[in-house]
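# Model the structure of this input:
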Amino acid sequence: MSSSSRKIASLSAPFREKLRNIKLIVLDVDGVLTDGLIIYGSEDIEIKAFNVQDGFGITMAQHAGLKFGILTGRVSDTVARRVKELHFDYYESGRFYKKDALIRMIADAGLKREAVLYMGDDILDLVCQPHVGVFVAPGNARARVKSSADWVTKSQGGRGAVREMIDGLLEAQDKLQESEDYFISAQGLEQKDENICG
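Numbering: from 1, shown residues only. As a prediction, this is how the structure comes out:
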């Protein structure tokens with residue numbers, strides 16, 4: 001059994017069916033794509049650390065046909081750069097109250113709530129839960145968020161939580177091995193995209 005198979009072995013068959021419907025993944029940033037730390041330098045410099053395995057997981061999922069959105073309460077040039085590098089389809093920043101931005105993002109994608117997965121770690125993310133088909137929390141999420149989530153990853157935000165979610169989602173959709181094999185093959189490795197490794 002592959003490591004990705006072990007990761008979602010405890011997920012029920014009905015939940016796997018819900019995962020098969022997902023076409024859009026919307027992510028919070030701080031505490032999900034990062035560990036939540038923000039480092040300030042001189043002259044308004046802001047430093048965030050992103051996980052390369054998360055980034056490559058996003059690239060694999062995009063190859064498999066999934067779309068991605070960012071929905072964050074903060075405005076950050078660092079995040080905008082990451083969004084550009086990974087070719088996100090949707091990006092909303094400065095959205096402290098996220099419901100309206102999420103609903104607009106889903107409408108722009110032409111999808112129903114059942115086709116959307118949201119991943120968030122803090123209380124403000126819970127306003128998104130009624131508007132998506134699957135709500136995922138990273139292992140570092142606040143207790144109330146984890147208790148409300150459909151799925152809590154073992155990994156923490158900025159430490160592989162997004163990749164764990166993506167591997168499980170792709171496996172549920174029978175796309176994980178195909179996507180991995182594509183990038184293992186010469187065809188995948190010879191891509192000219194400089195951001196292919198996340």
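
# Show the pLDDT at Ile45.
Note for Ile45: predicted pLDDT of 84.

# again, but for Gln129
The pLDDT attached to Gln129 in the predicted structure is 97.

# try Thr78
90.

# likewise the one 5 residues further on?
Predicted confidence (pLDDT) for Val83: 94.

# Might one say that it is in contact with Tyr91?
Yes - under the criterion of C-beta atoms under 8 Å, Val83 is in contact with Tyr91, at a separation of 4.8 Å. For every residue, glycine as well, the C-beta is placed using N, CA and C.

# Could you check which of those two is surrounded by more residues?
Under the neighbour definition other C-beta atoms under 10 Å, Val83 and Tyr91 were set side by side, and Val83 has more, 20 against 16.

# ok, the more buried one - contacts?
Applying C-beta atoms under 8 Å, 6 or more residues apart in numbering, one finds that Val83 lies in contact with 70, 91.

# Which element, helix or strand, includes it?
Secondary structure from DSSP states H and E places Val83 in helix 77-85.

# So which residues of this structure form helices?
Using DSSP state H, the helices assigned to the chain run over residues 3-7, 13-20, 52-63, 77-85, 99-109, 143-148, 161-172, 176-184, 186-189.

# Buried residues, the fifth one. List them.
Of the residues in helix 99-109, those with enough neighbours to count as buried (16 or more other C-beta atoms under 10 Å) are 101-102, 105-106, 109.

# which residues do Val83 and Tyr91 both contact?
Common neighbours of Val83 and Tyr91 (C-beta under 8 Å, 6+ apart) are Ile70.

# in this protein, which segments are predicted with low confidence?
In the predicted model of the chain, residues 1-9, 186-197 satisfy pLDDT under 70.

# Swap in 50 and give it another go.
For the chain, the stretches flagged by pLDDT under 50 are 1-7, 192.

# tally of neighbours for Phe50?
Using other C-beta under 10 Å: Phe50 sits among 20 other residues.

# got a list of what it touches?
In this structure, Phe50 makes contact with 33-34, 82, 158, judged by C-beta under 8 Å, 6+ apart.

# go with 6 Å
With contacts taken as C-beta atoms under 6 Å, 6 or more residues apart in numbering, Phe50 has the following neighbours: 33, 82.

# how close does Val75 get to Lys112?
Computed with C-beta to C-beta, to the nearest Å, the distance linking Val75 and Lys112 is 30 Å.

# and if you look at Ser155?
Going from Ser155 to Lys112 by C-beta to C-beta gives 29 Å.

# For the two, indicate the residue with more neighbours.
Ser155 (19 against 11).

# Would you mind measuring from the more buried one to Ala107?
In this structure, Ser155 and Ala107 are 31 Å apart, going by C-beta to C-beta.

# what's the burial count for the nearest residue to Val29 once chain neighbours are set aside?
Beyond its immediate neighbours in the sequence, the residue positioned closest to Val29 (C-beta to C-beta, 6 or more residues apart in numbering) is Thr72, lying 4.2 Å away. Using other C-beta under 10 Å, Thr72 has 23 other residues around it.
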